[in-house]
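>>> Sequence first, predicted model second:
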Amino acid sequence: MNDLPPWPYPRWIAHRGAGKLAPENTLAAFRLGAEHGYRMFECDAKLSQDGVVFLMHDATLARTTGMPGIGGDQPWTTLSQLDAGGWHSRRYAGEPLPTLAALARFCLANDYLLNIEIKPTPGTDAETGAAVAREAARLWAGTAVPPLLSSFRPDALAAARDAVPALPRALLLDTPRSDWLDLARQLGCVAIVCNHALWDAQTVADARAAGFRQLSYTVNDDWAAQRLIDLGTDGIITDRVDLFSPAA
Ligand code: G3P
Ligand code: MG
């Protein structure tokens, strides 16, 4: 299909572990995604006040833990006590926020692959990018397939590149920008992860010609997934681990 270097990641990637079927970014979610046959997961990573890399999508704690305030303002001793599962359903009450280290242990023990989205608390892009890259390099040292780091934040990707150049990176895009290929090139990316609506025959051809793999988020409909497969793109991040078989 193209002459890009080999790509070690599977097409199907479970968003935040298992989409909406379990509390996002908890170990329970990654376990459930794996039960549905997924071998690669996307997660959101940020820094606690005292520099621990942990998994959470939002900057604020309220939606997924019920606590007021900003996650990145709290030390890990506080964050580690929070209930990150009860908001989802009673079944998951008491599920803790995981560290990236805990998810790495789970992935490495089972040969699962990971896409770590660097999701900085506002105002901490460079610090978070560097810290996540260093922690990922430490946790995955000596393994055959490293995690793919991605971010919407160019400064986070630049800091990740400077901290650990060897880790693969992907630029996340939600809306079109005219300098997308130049930016991905400057950041030393291997892939571009777009809102799936941004991919068409032209953008796929342009990305491929520039040497970038093409991935999409968050793809939850059959028609959308089939369109991306027909376009020949490389990766699909989905919530619907119950709908899409990753063997497809
Ligand atoms: O990494 C792909 C996707 O997760 C980006 O959007 O807001 O779900 O983190 P979001
Ligand atoms: Mg994400």
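Looks like it arrived, so ask away. Ligands and ions are numbered 1, 2, ... in the order given.
>>> who are the neighbours in contact with Phe152?
Contacts for Phe152 (C-beta atoms under 8 Å, 6 or more residues apart in numbering) come out as 172-174. (Glycine included, C-beta is placed from N, CA and C.)
>>> Just these: which are in strands?
Of the contacts of Phe152, the ones assigned to strands by DSSP state E are 172-173.
>>> ChimeraX command to pick out the buried ones of the contacts of Phe152?
Buried residues among these (16 or more other C-beta atoms under 10 Å), as a ChimeraX selection:
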select :172,173
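>>> Tell me the one among the contacts of Phe152 nearest to ligand 2.
Taking C-beta to the ion as the measure, ligand 2 lies nearest Leu172 of those, at 8.0 Å.
>>> So Glu117: helix, strand or coil?
With DSSP: H, G, I helix; E, B strand; the rest coil as the basis, Glu117 sits in strand.
>>> ok, it - contacts?
By C-beta under 8 Å, 6+ apart, Glu117 lies in contact with 42-45, 150-151, 172.
>>> same for ligand 2: which of these are within range?
Restricting the contacts of Glu117 to those near ligand 2 by C-beta under 5 Å from the ion leaves Asp44.
>>> Now, the contacts of Glu117 that are in strands?
Per DSSP E, these map to strands at 42-45, 150-151, 172.
>>> Now pLDDT too, for the residues you listed, in a markdown table please.
Conversion of those to a markdown table gives the following (pLDDT from 0 to 100):
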| residue | pLDDT |
| --- | --- |
| Glu42 | 99 |
| Cys43 | 99 |
| Asp44 | 99 |
| Ala45 | 99 |
| Ser150 | 99 |
| Ser151 | 99 |
| Leu172 | 99 |
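>>> Which of those are buried, as a ChimeraX select command?
A single ChimeraX command selects the buried members of these (16+ other C-beta under 10 Å):
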select :42,43,44,45,150,151,172
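>>> Let me have the ones in strands among the contacts of Glu117 in a markdown table, extended by distance to His15.
What follows is the ones in strands among the contacts of Glu117, written out as a markdown table (distance: C-beta to C-beta, whole Å):
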| residue | distance to His15 |
| --- | --- |
| Glu42 | 5 |
| Cys43 | 9 |
| Asp44 | 10 |
| Ala45 | 14 |
| Ser150 | 12 |
| Ser151 | 16 |
| Leu172 | 13 |
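>>> Closest one to Gly17 out of the ones in strands among the contacts of Glu117, please.
Closest approach to Gly17 among those (C-beta to C-beta): Cys43, at 6.9 Å.
>>> So what sits opposite that closest one in the bridge?
Ile116 (DSSP bridges).
>>> so who does it touch?
Cys43 neighbours (C-beta under 8 Å, 6+ apart): 16-17, 25, 30, 55, 100, 103, 114-117.
>>> Could you give me the PyMOL syntax to select whichever of those residues are buried?
Filtering the contacts of Cys43 down to the buried ones (16+ other C-beta under 10 Å) takes a single PyMOL command:
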select buried, resi 16+17+25+30+55+100+103+114+115+116+117
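>>> Could I get the pLDDT score of the residue of the chain most remote from its centre?
Of all residues in the chain, Arg90 has its C-alpha farthest from the mean position, at 26.2 Å, by C-alpha atoms, centre = their mean. For Arg90, the pLDDT comes out at 98.
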